[in-house]
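Student: Fold the stuff below for me.
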Amino acid sequence: MKRANMMALALCVMSAAWAGRARAADDLTTPQSFSSFEEMKKWFSARRAEFGKKQEKLLNERYDLSDRPSKDARMSNGKPVQDGVRVKLPEGVTWDALSKMTPEEVRAKDALPKGFMPLPHPNHPEGGMLFPKSHIDLVKKQDGRDLERFDLDFDIPERFLPEFPSPMYLTTHPELGDVSKGKLVTIDNYYELFKNILNMKQLDGLRLLLTPFPQQQFNATDDRRVARPSLGVTCFDCHVNGNTNSATHLVGDIRPQENRHRIEAPSLRGVNIQRLFGSQRALKSIEDFTEFEQRAAYFDGDIAAAAKKGVNTLDRQSQVHHMAEFENLLDFPPAPKLAIDGTLDPKKATPAELRGQGLFFGKAKCSTCHTPPYYTDNSMHDLKVERFFKPRRINGMLASADGAIKTFPLRGIKDTPPYLHDGRLLTLDDSVEFFNVVLETKLSAEEKKDLVRFLQAL
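Tutor: Now for the predicted structure:
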């Protein structure tokens, strides 16, 4: 009896100690383990709104999130582009003054806008694939899969995301325009849409890109973040119709967890002209990327978790080849103002666009990395943004050096907001301000507007 009482007392003390730590530290701190899936689901579900409010507060501190659509700039299927600079300046700082400071001065005065710093995942310590609500809703309606996590919601407002579903363009059929016909391409409709315009290898590749396979958060085990056991996710759940819906994740090749970078799903348009792939761009062909993406992005590089949750090992000679063959057909959207060399046709472009082009190839230094006709040099560059701020923790992420990142193509750039590898720049105006500071180009207000107009024409 005495021993039992002592054990009961010890359990009470441990329970009180745990509660005290949780209250003293952070109510959102995840326990090390749970006794069951239902206990884990209950814990995360009860805090879902709190995680959302914490991330919403961060975004509102960084950005003006109001709905200000452009009067004349639209994406390929008509969605208005969000206009203007949305990154908020520190109190007492102007864009003109900021652009005249040296990196050392910006760092010493802590004058770099928070929106120019790395953006954390909505729950950085937890991480994982996370999809916009528009995609979750349409997938559930169209093929019955549920991509809604019980622990998190997507953070960036829909107005700052690509149009959904994105149009799909093929290099083999430019005369057809949007071959998806305004639909979300899924396993339910792909054959009817493409049976007369793709060969059988390409059709099989597209089928595999639309087939759900187990993933770290979406699987049939009790270590998942969806209510019911899940078939998994598809390649096109992130790369919608071969473009992107800006689904987010954490890179799989960095540890510890706080050092991992948020990554926004890049567009697959134009992969046929690209030479570097993967989160750190270490894969040298689209076949490599297709084969290893499931081991990296799908399972965070954790081979034990992959085996437990049902990793799909693709056959290199047939499945990988077929998927890559289809991916290499994905084309950029039409750009009617561009000549065959990728520069503006002076007969079609406006004076502002032509002035912007002059800046792009001159004072703004953009063409140092983004060379026509596709506006990439297929290389890696380190912007060393950490020159402008001291390392700090932001919502569970250690904001420090990003390292070298791939030069993404700028063709069709207006269709793929938000920008930079982690989506920290909501508009093209934000992007121009960011590079004006980082590259120290000292553009005037009018020059920045002209540069945005040129980018919208690409």
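Student: Roughly how far does the closest residue to Ser180 other than its chain neighbours sit from Phe44?
Tutor: With sequence-adjacent residues excluded and distances taken as C-beta to C-beta, 6 or more residues apart in numbering, Ser180 is closest to Met168, at 4.2 Å. C-beta coordinates here come from the backbone N, C-alpha and C atoms, glycine included. Remark: distance between Met168 and Phe44 (C-beta to C-beta, to the nearest Å) = 35 Å.
Student: can you map out the helices along this protein?
Tutor: For the chain, the helices defined by DSSP state H occupy 2-24, 37-62, 95-100, 103-109, 133-143, 190-194, 200-209, 286-296, 303-309, 321-327, 351-360, 428-438, 445-457.
Student: can you pull out the strands in the stretch 151-300 of the chain?
Tutor: Here the stretch 151-300 of the chain has its strands, by DSSP state E, counting those that start in this stretch, at 248-250, 262-264.
Student: Need the winner for burial among these.
Tutor: Neighbour counts (mean count of other C-beta atoms under 10 Å) averaged over each of these peak at strand 248-250, with a mean of 24.
Student: mind showing which ranges of the stretch 151-300 of the chain have poor pLDDT?
Tutor: Scanning the stretch 151-300 of the chain for pLDDT under 70 picks out 278-282.
Student: Can you give the distance from the top strand by length along the chain to the centre of its chain?
Tutor: If you go by DSSP state E, the chain has its longest strand at strand 69-74. Here strand 69-74 is found 23 Å from its chain centre; the criterion is C-alpha atoms, centre = their mean, to the nearest Å.
Student: mind listing what the spatially most central residue of the chain touches?
Tutor: With distances taken as C-alpha atoms, centre = their mean, Glu264 lies nearest the centre of the chain, 1.0 Å away. Glu264 sits next to Thr244, Ser246, Ala247, Thr248, Pro418, His421, Asp422, Gly423 when contact means C-beta atoms under 8 Å, 6 or more residues apart in numbering.
Student: tell me which residues form a beta bridge with it?
Tutor: With DSSP bridges as the criterion, Glu264 is bridged to Thr248.
Student: Could you tell me how many residues sit around the residue nearest to Pro391 when sequence neighbours are not counted?
Tutor: Among residues not flanking Pro391 along the chain, Ser400 sits closest, at 4.2 Å (C-beta to C-beta, 6+ apart). Ser400 has 17 neighbours, counted by other C-beta atoms under 10 Å.
Student: Please tell me I have it right and Ser400 contacts Lys384.
Tutor: No. Checked against C-beta atoms under 8 Å, the pair Ser400 and Lys384 is beyond contact range at 11.1 Å.
Student: Next, the buried residues of stretch 67-85.
Tutor: By neighbour count on 16 or more other C-beta atoms under 10 Å, the buried set for stretch 67-85 is Ser70, Ala73, Arg74, Met75, Ser76, Asn77, Lys79, Pro80, Val81, Gln82, Asp83, Val85.
Student: what sits against the nearest residue to the first one once chain neighbours are set aside?
Tutor: For Ser70, the nearest residue in space outside its immediate sequence neighbours is Asp83; the separation is 4.1 Å by C-beta to C-beta, 6+ apart. By C-beta under 8 Å, 6+ apart, the contact set of Asp83 is Arg68, Pro69, Ser70, Lys71, Ala73, Thr427, Asp429.
Student: Sort those residues by pLDDT and name the bottom one.
Tutor: Ranked by pLDDT, those bottom out at Lys71, which has 94.
Student: if I look at the closest residue to that residue other than its chain neighbours, how far off is Lys414?
Tutor: In space, and not counting its chain neighbours, Lys71 is closest to Asp83: 7.7 Å by C-beta to C-beta, 6+ apart. Computed as C-beta to C-beta, the Asp83 to Lys414 distance reads 11 Å.
Student: Now for these two: what residues contact both?
Tutor: Joint contacts of Asp83 and Lys414 (C-beta under 8 Å, 6+ apart) are Ala73.
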